[in-house]
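Undergrad: Sequence and predicted model, in that order:
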Amino acid sequence: MTEKRFEICPTSELPPGDRVITTLDGISIGVFNIDGEYHALKNDCPHQRAPLCEGKLTGTTESTAPGQYEWTADGQIVQCPWHGWEFDVTTGESVFNPHSVKAKTFQTTVESTGEARGGSSAEAAGGSPPCSSCETSEVDGEPPVDTYDVEVEHDTVVVYL
């Protein structure tokens, strides 16, 4: 099955800690920027189908020994707005049962988009007569080539379904 490509927004419009919820091919999806990395999660809690991606972004506590707790994954855990089920945005795994309960995730990348600007045609500075098939002249024995400056202006967040 071929993946479909969807451009979400320029990276400048989705700063760290922020999210955008959009509909792609009929599926509601939340795209999150977690510390400069982008992740896409289906906006559908596996518990009772609540709009998961509208929930609070938080962290979680982990215990390394009895009585010892550590706050981790700050800003990486989304909490379902209906019943508080928590999921790691980067993996889709639930916090309480990561092996059995998981929210659907999608491949997300940042791709550069560029725009050609300007342009200059090579000017014939003498040379051979016009090419009979393309009606142009060679310059110093080489066909003239148009060149264009290409500059990357924006990086775009892209999701593949």
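TA: Perfect, I can see it now. Keep in mind that this is a model prediction, so the values were computed, not measured. Residues are numbered from 1 along each chain as shown.
Undergrad: can you pull the contacts of the nearest residue to Cys80 once chain neighbours are set aside?
TA: Leaving aside its sequence neighbours, Cys80 sits nearest to Cys45 (C-beta to C-beta, 6 or more residues apart in numbering; 4.5 Å). C-betas here are computed from N, CA, C, even on glycine. Contacts of Cys45 were listed using C-beta atoms under 8 Å, 6 or more residues apart in numbering, and they are 51-52, 80, 82-83, 85, 87, 103.
Undergrad: now, which of those residues sits nearest Trp71?
TA: Nearest to Trp71 out of those is Phe87 (C-beta to C-beta; 17.3 Å).
Undergrad: Looking at the closest residue to that closest one other than its chain neighbours now. What's its pLDDT?
TA: Spatial nearest neighbour of Phe87, chain neighbours left out: Ala103 (4.8 Å); criterion: C-beta to C-beta, 6+ apart. pLDDT, Ala103: 95.
Undergrad: Kindly report the same for Pro98.
TA: On the pLDDT scale, Pro98 gets 89.
Undergrad: Kindly report the same for Cys134.
TA: So, for Cys134, pLDDT stands at 58.
Undergrad: For the residue nearest to Phe87, give me phi and psi.
TA: phi -90, psi 150 (degrees, to the nearest 10).
Undergrad: Then Cys45?
TA: Torsion angles, degrees, to the nearest 10, at Cys45: phi -70, psi 130.
Undergrad: mind checking which helix or strand of the protein has the lowest mean pLDDT?
TA: strand 105-120 (a mean of 70; mean pLDDT, DSSP states H and E).
Undergrad: number of nearby residues for Leu14?
TA: By the measure other C-beta atoms under 10 Å, the count of residues near Leu14 is 18.
Undergrad: Endpoint to endpoint, stretch 81-92 covers what distance?
TA: From its first residue to its last, stretch 81-92 covers 16 Å (C-alpha to C-alpha, to the nearest Å).
Undergrad: Many thanks, we can stop here.
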